[in-house]
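Colleague: Pasting the sequence and the predicted model now:
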Number of protein chains: 2
Amino acid sequence: MLEMLEMLQMVSSVDFSALLRAFVYSRTLASSPQFKNCAVLGTIYGQDAIVSLEKTHFDLSPNGAGAGAGDGNSLDLSTLIDLNNISLIQNNDVYFWSLSLLNQSLTQTPSVKLNLIYPATSQHIKKFDAGDSIIITETPYYYSKYVKPYIETMKGDRIKWVHNILYNNAESDKVIIKKENDFVLLPDMKWDGKTLDNLYLILIPYNGKEISSIRDIKREKHLDWLISILNTIQKEIPIHYNHQINANQLRIFVHYQPSYYHFHIHITNLKNNGLGNQISIGKAILLQDIIENLQNNIDYSTRNITYFIPENHQLWSNTGFKQEYETQDNSND
Amino acid sequence: MLEMLEMLQMVSSVDFSALLRAFVYSRTLASSPQFKNCAVLGTIYGQDAIVSLEKTHFDLSPNGAGAGAGDGNSLDLSTLIDLNNISLIQNNDVYFWSLSLLNQSLTQTPSVKLNLIYPATSQHIKKFDAGDSIIITETPYYYSKYVKPYIETMKGDRIKWVHNILYNNAESDKVIIKKENDFVLLPDMKWDGKTLDNLYLILIPYNGKEISSIRDIKREKHLDWLISILNTIQKEIPIHYNHQINANQLRIFVHYQPSYYHFHIHITNLKNNGLGNQISIGKAILLQDIIENLQNNIDYSTRNITYFIPENHQLWSNTGFKQEYETQDNSND
C-alpha cells in the first residue's frame, strides 16, 4: 500500500495523461451550467475514478493575461479571446450577441481545472452524487427521535481534525486568530487564501464541543458570548486584512444541518455570492438573526426548523426519519 | 440615426471583429469567478461600449461534443479537453489536481459567449455597475425614519404593473392560478416558463396593497392567511405541473428589501441553486420561518432586521440613512 502511494505521488504529467486516456465513462455525477463545472464517474484499468472539471475564470487582474504591456490598468480583449474566431449570432439596435473561442495557454491562461480521484471509493462517489434535495420541517419531536441520536454517531474520530486544530496545532501556519479557550479563526478549505473577494473563513470555538448545532444554543448560556464573538469578528478581521475588507462586507452565518457537529461559524465576503446552497435560506442562518431571535426569547431547542437536505443524506435516508416523516401529515397547521 | 441602425443591423462577423479590435478598455464593471462571467466598459471610436463575456458550460449531452460516436451514453474526455496539454499540480494519496486546455471549435464547441452593447448609454452602464453591497442592521428606528417614507415614494405608478395583473388581466395568458380577492400566481420574468428545474413563480396577493413589506405582517391579521397560502402553494403547484415537481422541492420565500413594495411571495425549484443573492440569507426569508416566528410571537414591526443592500441603492444613499447609520455605533450590544 505504502509503495503504491509513493508510486502515485511520483506520477508525472505524462503518466497522468495516460491515466486520463484510460478513463472509460460510466455516468455524470453532477453538472452545473451556472458554475461551469461537472463531475463524471468512470473506470481506469477497471477501478472507479472520478474526474471533475471546472472552467477557469477570465483573468482580468492588472497583471493578468488580459493586461496590456506596461499599463497596470489596461486590458486587451485579444489576450482573453481569439478575435479571429468570432461568430455573430444576432444584432438588434445597439445589442450584439456572438460566440467566440478562448485564447488559452497551459502556462499563462489554462482554461480548465481537472481533478481526479483514483481509485475512488463508494464514499467519494456518494459525496459527488448528492442527488436531489428536499425541504423538510424538523419539529422538536423529529429532532429528539432522529437527529440527536444521529449527531451522536457523527462525533469522535470523525471530527478529530477539529480537535487537532484546537489542541494539537494542526494547520497552525494558517491560523488567523487564536484566543486560548475561546476560539480559533482560520481559512476554510474552499478559499484560495488570497483573493479577498472570495474570502471564506471558519471560526471554531472551544465550547463548540458542547454545542453540536444551533439546537444546543441557549439564551442564558450563549447570548452574551455570541454577541462578543460577532463583535470580535467584525473588529478583528478588517484589522487582519489591513482594512481591505470592512465589517459591513462580511456575511457571518452558521449551517443547519452543518457538515460536522462541533459548533462553528462561517465568514465570507458578501461579494462571494456564488456559493450556492452554502449561503442560501434553508441551510444558512445569519449570526445576527440568531442573536436577534435569542433576544426575543426564541428557544432553538423547541422551535420548528425548515431546511433542505439531500435525499441520500444518511440522517434522512438511513435513520427512519424519512419513513416516519413521509407517512405523517406535515401540512402547516 | 435610422441609417446608422440599418448599417449596424447588417454588420457581418468581419465588421463585428473590427468593432471589437477597436475596443479600448476603461474599467471592469462586474466579474464573477463563480459564474465565470464579466463585463467591461470601454470605448469604440470614442463612444461607450460594454463587452460582456461568459464561458460556456461543458457539453455533456448525449449528442454533445463529449459523446462518443454511435453511443448515446458515452463520453470521451478527449473531446472536452486537450489531453496533450495537461499540467499536474499536485498528487496526494488518491487525489490529483491539474490544469488543462479546452478542446474548442467555433462551430461545435464555442467556449465563450460575447455580448456587446454599442453605443452604450449611462442607463446601460448603471445596470451592470451595481456596485458593492454592504450588510446593515435595520432597527425599528431606522425603519420609521428612513425606510417607511422611502417605501411611500415607491408606490403609485411604479407598481401599476402589479395593479394591472390583479385587476386588468395583464399577463392573463400566463396566469397559473387566480383566486378572486385572494391572489394571482404567475411565472416570474426570470423563468423561461419551460424548464421545471429552474421553476420561478411569483404569488401576488390582493391584500399585498396594504402589506408593503414583511414589516407590515401581523400575527393577528396575517398568520392564518399565510398558513393557508403556504398550504395552497404546496398543494396546487404540484397538481398544476402534473406532479413533475413535489411540494418538498419548492423554496418559498419573500425578500427584504423587496424590489417592489406590494407584498409578494417567490417560489423556486430547490434545484435552482444558482440564483445567487436572490435566495441567500440577508435578503431572502423562508415563508415557513416567517410563520414559525409569528407563532412564537415575533413582531416584525419592532425587531431588528439584518440585510445587505447595494451601496448605490436609493434607500441607502439618497435618504440620509447612510449618513446617520455610519455615524452611529452599530456594534451588536
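Modeller: Perfect, I can see it now. Model, not experiment: these values are computed from the prediction. Numbering: from 1, shown residues only, chains lettered A, B, ... in the order given.

Colleague: in chain A, which spans are strands?
Modeller: Ranges of strands in chain A, per DSSP state E, are A:23-32, A:37-44, A:47-55, A:81-92, A:95-102, A:112-117, A:133-138, A:177-179, A:183-187, A:200-205, A:250-255, A:265-269, A:284-286, A:305-310.

Colleague: tell me the angle the longest one makes with strand A:95-102.
Modeller: Think strand A:81-92. 160 degrees (axes from the mean of the first three to the mean of the last three CA atoms, to 10 degrees).

Colleague: quick one: contacts of strand A:81-92?
Modeller: A:77, A:96-103, B:8-9, B:11-13, B:16-17, B:20-21, B:53, B:106-107, B:110, B:112, B:114 (CB atoms under 8 Å, 6 or more residues apart in numbering or on different chains). For the C-beta atoms, the positions are set from N, CA and C on the backbone; glycine is no exception.

Colleague: Note down every partner strand of it and its orientation.
Modeller: strand A:95-102 (antiparallel) (DSSP bridges).

Colleague: How far away from the center of its chain is the partner strand?
Modeller: 32 Å (CA atoms, centre = their mean, to the nearest Å).

Colleague: So what angle separates the directions of that strand and strand A:47-55?
Modeller: 130 degrees.

Colleague: hmm, who's touching strand A:95-102?
Modeller: A:80-83, A:85-91, A:109, A:111, B:11, B:13, B:16, B:19, B:55-56, B:102, B:104-106, B:110-118.

Colleague: buried residues in that strand?
Modeller: Burial within strand A:95-102, assessed by neighbour count using 16 or more other CB atoms under 10 Å in any protein chain shown, is assigned to A:Phe96, A:Ser98, A:Leu99, A:Ser100, A:Leu101, A:Leu102.

Colleague: ditto for stretch A:77-94
Modeller: A:Leu77, A:Thr79, A:Leu80, A:Ile81, A:Asp82, A:Leu83, A:Asn85, A:Ile86, A:Leu88, A:Asn91, A:Val94.

Colleague: Point me to the residue of the stretch 1-150 of chain A nearest chain B.
Modeller: Distances between the stretch 1-150 of chain A and chain B by CB to the nearest CB are smallest at A:Gln34, namely 3.0 Å.

Colleague: quick one: that residue and B:Phe35 touch, right?
Modeller: Yes - with contact defined as CB atoms under 8 Å, A:Gln34 reaches B:Phe35; the gap is 6.0 Å.

Colleague: measure the closest residue to A:Tyr256 other than its chain neighbours to B:Lys283 for me?
Modeller: Distances taken as CB to CB, 6 or more residues apart in numbering or on different chains put A:Ile214 closest to A:Tyr256, at 5.2 Å, once the chain neighbours are dropped. With distances taken as CB to CB, to the nearest Å, A:Ile214 is found 20 Å from B:Lys283.

Colleague: and if you look at A:Val112?
Modeller: 33 Å.

Colleague: Have a look at those two and say which one is more surrounded.
Modeller: The neighbour comparison of A:Val112 against B:Lys283 (other CB atoms under 10 Å in any protein chain shown) goes to A:Val112, with 25 against 21.

Colleague: could you list every residue that touches A:Ile125?
Modeller: Here A:Ile125 is in contact with A:Leu29, A:Leu41, A:Asp48, A:Ile50 (CB under 8 Å, 6+ apart).

Colleague: count of residues packed around A:Asn164?
Modeller: 13.

Colleague: wouldn't A:Phe253 be in contact with A:Lys283 here?
Modeller: No - here A:Phe253 does not reach A:Lys283: they are 9.2 Å apart, not a contact under CB under 8 Å.

Colleague: residue contacts, A:Ala49?
Modeller: A:Ala49 touches A:Leu19, A:Phe23, A:Leu41, A:Gly42, A:Thr43, A:Leu116, A:Ile117, A:Tyr118, A:Pro119, A:Ala120, counting by CB under 8 Å, 6+ apart.

Colleague: tally of neighbours for the fifth one?
Modeller: A:Thr43 is flanked by 16 other residues according to other CB under 10 Å.

Colleague: Surely it and A:Ile50 touch.
Modeller: No - using CB under 8 Å, A:Thr43 is not in contact with A:Ile50; the gap is 10.5 Å.

Colleague: Give me the distance between A:Arg27 and A:His313.
Modeller: In terms of CB to CB, A:Arg27 sits 20 Å off from A:His313.

Colleague: Could you break chain A into its assigned domains?
Modeller: A:17-65+A:73-126, A:132-330 (the TED database).

Colleague: Any chance of those domains in CSV with distance to B:Tyr307 and mean pLDDT as columns?
Modeller: Formatted as CSV, these follow (distance: least, CB to CB, whole Å; pLDDT from 0 to 100):
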stretch, distance to B:Tyr307, mean pLDDT
domain A:17-65+A:73-126, 23, 89
domain A:132-330, 9, 93
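
Colleague: end-to-end on stretch A:133-149?
Modeller: 22 Å (CA to CA, to the nearest Å).

Colleague: Please compute how far that stretch lies from its chain's middle.
Modeller: Worked out by CA atoms, centre = their mean, stretch A:133-149 lies 23 Å from the chain centre.

Colleague: any residue of that stretch up close to chain B?
Modeller: Yes - residues of stretch A:133-149 are located near chain B by CB under 8 Å from any CB of the partner chain, namely A:Ser133, A:Ile134, A:Ile135, A:Ile136, A:Thr137.

Colleague: gap between the most centrally placed residue in chain A and A:Val147?
Modeller: Centroid-nearest residue in chain A, with CA atoms, centre = their mean: A:Lys190, separated by 5.6 Å. A:Lys190 sits 25 Å away from A:Val147, going by CB to CB.

Colleague: For A:Leu114, see how far away the residue of the stretch 1-150 of chain A closest to chain B is.
Modeller: From A:Gln34 to A:Leu114 the distance is 19 Å (CB to CB).

Colleague: For chain A, list the residue farthest from the centre, please.
Modeller: Relative to the chain centroid, chain A (CA atoms, centre = their mean) has A:Asp93 farthest, 41.7 Å.

Colleague: Who does the closest residue in space to A:Arg27 that isn't next to it in sequence form a beta bridge with?
Modeller: Nearest non-adjacent residue to A:Arg27, counting by CB to CB, 6+ apart: A:Leu41, 5.5 Å away. Going by DSSP bridges, A:Leu41 is paired in beta bridges with A:Arg27, A:Ile50.

Colleague: burial of A:Leu41, as a residue count?
Modeller: The burial count for A:Leu41: 21, using other CB under 10 Å.

Colleague: I'd say it and A:Ala30 touch.
Modeller: No - with contact defined as CB under 8 Å, A:Leu41 does not reach A:Ala30; the gap is 9.8 Å.

Colleague: any residues in contact with both of the two?
Modeller: Common neighbours of A:Leu41 and A:Ala30 (CB under 8 Å, 6+ apart) are A:Phe128, A:Asp129.

Colleague: Show me which of A:Arg27 and A:His313 is the more surrounded one.
Modeller: Counted by other CB under 10 Å, A:Arg27 and A:His313 do not tie: A:His313 has more neighbours, with 19 against 10.

Colleague: any idea how far the nearest residue to that one once chain neighbours are set aside is from chain B?
Modeller: In space, and not counting its chain neighbours, A:His313 is closest to A:Gln257: 7.7 Å by CB to CB, 6+ apart. Plainly put, A:Gln257 is 15 Å away from chain B if you go by CB to the nearest CB, to the nearest Å.
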